[in-house]
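Student: below: sequence and its predicted model.
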Amino acid sequence: MLDGTKDQGSVDAMMLQLGRNARAAAGPLAIASTERKNTALLAMAENILAATDTILAANAIDLENAREAGMAASFVDRLTLTKDRIASMAEGIREIAALKDPVGDVIAEWERPNGLQISRVRTPLGVIGVIYESRPNVTADAGALCLKAGNAVILRGGSDSLNSSSAIHACLVEGLKAAGLPEHAIQMVPTTDRAAVGAMLTGLNGAIDVIVPRGGKSLVGRVQSEARVPVFAHLEGICHVYVDASAELEMAKTIVVNAKMRRTGICGSAETLLVDRAVAETHLKPILDALKTAGCEIRASDEVMKYVADLKPATEEDWSTEYLDAIITVGLVDGIDGAIKHIEHYSSHHTEAVIAENPDVVARFFNEIDSAILLHNASTQFADGGEFGMGAEIGIATGKMHARGPVGVEQLTSFKYLVRGTGQIRPT
């Protein structure tokens, strides 16, 4: 049963029980057959489609609460479900079912001179804790991805999406039951009490193996600073688009507008536009006019404002701000050298794009910029596990250990070494 604030002791006890349930479910999941996992996933997809009206009714309650609370339009957009978005959610689960099962996959194998045969094989991580805000579709994505990779998961959605997420979660549990898998394989924290987050960050007495936060800077910052278990996350998505002197103008206009305006509230939305000074006369105004026509507010450097009137001056803070809104910061740079220097200084190492026809420029952009995702002649809005062919993602990670970029089924596995011998012993 879902409820609100509880005393610390009862929250801790409840969370520890969720941890025990998840750990108990993780064992059978780790050895579950691909067929059984896929049966559950396909049932989940069908359940979500069948429950469309129920999910929309629950979402309407969340949306009303968000509007009454004065939430920003970008926040409301992330929270909003439609029939099309629910259908896409179900299709995403089907795509995950169609993916190759990573569990048991042989990553590498070799034989030693002494005859030992060694292989590195993918294994589930165990129990994943997912803490997220506003996006109810994360409930389906995270539950399905963790299941495909043989992991149990504890989901803690935001209070803003509680009704929507609960309706989706019920569909997932029914899918597990239909396939004869433990219903505790996908659990949802049944309280909005913030103490539940703190309990998850402790690891629940060793029950949780990895935490994945998905939300705003304050949430991710808290998780990264307090978690006692490994974290897959990114703190911000300060994404850049660089338009080189060799860029084709019409392509640049189309990509820049899409990168910023398709969905402004996602982490792959472009926040800074850099244009080569060499084409300021020819490229800058047409691109900015296209952005303004699309409804984007432009905050510009003093130099940019000499070329285009009626822009808002950019502050130093703007260059390192993730707006998640229809706002972009624009500056001029000295070619690829200037672009690399600017991006390395201000980037959050999430996603950057270069629009160029010069292969040397593209090679330098790819080789010298250290971000999780780099694109050439394509929108930053492709920074998404589904668009990468992963079916879906549980989030984007910008760290350098284990998982980086979209976190899909393969990133939700670890590995073990299998060593086969014929009686070998190590010499004394």
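Tutor: Looks like it came in fine.
Student: and the closest residue to residue 328 other than its chain neighbours, backbone torsions?
Tutor: Spatially, and ignoring its direct neighbours in sequence, residue 328 is nearest to residue 260 (5.2 Å; C-beta to C-beta, 6 or more residues apart in numbering). In short, each C-beta sits where N, CA and C put it, glycine included. The phi and psi values for residue 260, taken as degrees, to the nearest 10, are phi -90, psi -40.
Student: measure residue 371 to residue 270 for me?
Tutor: Distance, residue 371 to residue 270, using C-beta to C-beta, to the nearest Å: 13 Å.
Student: which of these two has more neighbours?
Tutor: Between residue 371 and residue 270, counting by other C-beta atoms under 10 Å, residue 270 is the more crowded of the two (28 against 22).
Student: wait, doesn't that one sit right on residue 241?
Tutor: Yes: counting by C-beta atoms under 8 Å, residue 270 touches residue 241, with 4.8 Å between them.
Student: anything in contact with each of those two?
Tutor: By C-beta atoms under 8 Å, 6 or more residues apart in numbering, residue 270 and residue 241 have these common neighbours: 256, 259, 353, 380.
Student: any chance of a markdown table for the residues you listed, columns neighbour count and secondary structure?
Tutor: A markdown table is the format used below for these (neighbours: other C-beta atoms under 10 Å; DSSP: H, G, I helix; E, B strand; the rest coil):
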| residue | neighbour count | secondary structure |
| --- | --- | --- |
| 256 | 29 | helix |
| 259 | 27 | helix |
| 353 | 28 | strand |
| 380 | 29 | helix |
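Student: what's the closest of those to residue 97?
Tutor: Residue 97 lies nearest to residue 380 out of these, by C-beta to C-beta, at 28.4 Å.
Student: contacts only, for the closest one.
Tutor: Residue 380 sits next to 239, 241, 259, 268-270, 351-353 when contact means C-beta under 8 Å, 6+ apart.
Student: quick one: which of those sit in helices?
Tutor: The members of the contacts of residue 380 that map onto helices under DSSP state H are residue 259.
Student: farthest pair in the contacts of residue 380?
Tutor: It's 269 and 352 that sit farthest apart of the contacts of residue 380, by C-beta to C-beta, at 12.7 Å.
Student: joint contacts of those two?
Tutor: Common neighbours of residue 269 and residue 352 (C-beta under 8 Å, 6+ apart) are 239, 380.
Student: and these two? Which one has more around it.
Tutor: The neighbour count for residue 269 versus residue 352, taken as other C-beta under 10 Å, is higher for residue 352 (30 against 27).
Student: my guess is that one meets residue 370, correct?
Tutor: No: using C-beta under 8 Å, residue 352 makes no contact with residue 370, being 9.8 Å away.
Student: helices along the stretch 1-150 of the chain, start to end?
Tutor: Counting by DSSP state H, counting those that start in this stretch, the stretch 1-150 of the chain has helices at residues 8-30, 34-50, 52-68, 73-79, 83-98, 137-148.
Student: so which of those is nearest residue 181?
Tutor: Here helix 34-50 is closest among those (C-beta to C-beta), at 5.4 Å.
Student: and that closest one, average pLDDT?
Tutor: Helix 34-50 carries an average pLDDT of 98.
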